[in-house]
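J.: What follows is a predicted protein model with its sequence.
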Amino acid sequence: MTAIVDYKAGNLTSVKLALAAAGAEAEIVRDPAALRRAERIVFPGVGAAASAMENLRAGGLDSAVREAALSGKPFLGICLGMQILFGRSEEDGGVDCLGILPGRVRRFPDGTGDKIPQIGWNDITADDPQGFVKTSEEYYFVHSYYVEKNPCTVATAFHAGVEFSAAVRKGALFATQFHPEKSGKLGLSLLRAFLAAPAGDPPRGGQC
């Protein structure tokens, strides 16, 4: 079973429909026990980091998501669901996040001439060993905050004078700042690759 994590911060219907189009029967779950039983996990998110973390803790999902992300099961984070995998976000005055991946989330700088939030299509530069994404492919982004480049970065994009992490990978965990469910054929191709990916060994230590 593919579980979509419901922590009141995801565009769940769009994600579920995209997964169905990619060939998966997915279930929206908010019960930690159901999340632990899932064979693969999708962790979407839109909104703000502080309320997302509050909802995760209130539902007991924070520890279940940590376990799932490091279990070796295929795990896909999307947008805010990527950002809060990291240690800390500048959003909402500063928020401690899940701390699964090494790095920080920062706000795009003002005064560059680029609109904030970034809303729309942007191409990427990729070095993804499993080939979920490739250089020059374009995906749909909606965000004011970004993950700095870090040891887990496997794809980058540019906006507001910043090169930021467009996708990250740690073992079977893969996460994107862009929205695959809104990215047309390339997004569906990515989702199919995720659904076909095998489970792996739990990652060791802090390396990606």
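T.: Sure, I can see it.
J.: Next one, pLDDT for the closest residue to residue 64 other than its chain neighbours please.
T.: Among residues not flanking residue 64 along the chain, residue 32 sits closest, at 3.7 Å (Cβ to Cβ, 6 or more residues apart in numbering). In this view, the C-beta of every residue, glycine as well, is placed from N, C-alpha and C. In this model, residue 32 is scored at 95, pLDDT.
J.: ok, now how distant is residue 32 from residue 97?
T.: In this view, residue 32 and residue 97 are 18 Å apart by Cβ to Cβ, to the nearest Å.
J.: Render the CA-only coordinates of the longest helix anywhere in the chain in CSV, please.
T.: Using DSSP state H to define each element, the chain has its longest helix at helix 184-196. This file holds the C-alpha atoms of helix 184-196, laid out as CSV (Å, rounded to 0.1, in the frame of the first residue of the first chain):
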residue,chain,number,x,y,z
GLY,A,184,2.5,17.1,-16.4
LYS,A,185,4.1,14.2,-18.2
LEU,A,186,7.5,14.6,-16.5
GLY,A,187,5.8,14.6,-13.1
LEU,A,188,4.0,11.4,-13.9
SER,A,189,7.2,9.8,-15.1
LEU,A,190,8.8,10.7,-11.8
LEU,A,191,5.9,9.2,-9.9
ARG,A,192,6.1,6.0,-12.0
ALA,A,193,9.8,5.8,-11.2
PHE,A,194,9.1,6.2,-7.5
LEU,A,195,6.4,3.5,-7.6
ALA,A,196,8.7,1.1,-9.3
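J.: List the buried residues in it.
T.: 186-195 (16 or more other Cβ atoms under 10 Å).
J.: Turn those into CSV, including pLDDT.
T.: Output for the buried residues of helix 184-196, formatted as CSV (pLDDT from 0 to 100):
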residue, pLDDT
186, 97
187, 97
188, 97
189, 97
190, 97
191, 97
192, 97
193, 96
194, 97
195, 96
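J.: Between those residues, which sits nearest residue 64?
T.: residue 194 (19.5 Å; Cβ to Cβ).
J.: now that closest one, nearest residue through space, not along the chain?
T.: residue 76 (5.1 Å).
J.: Contact partners for the one you found?
T.: By Cβ atoms under 8 Å, 6 or more residues apart in numbering, the contact list for residue 76 reads 40-43, 174-176, 180, 191, 194.
J.: Report the residue spans of the chain with pLDDT below the cut-off.
T.: Along the chain, segments meeting pLDDT under 70 span 203-207.
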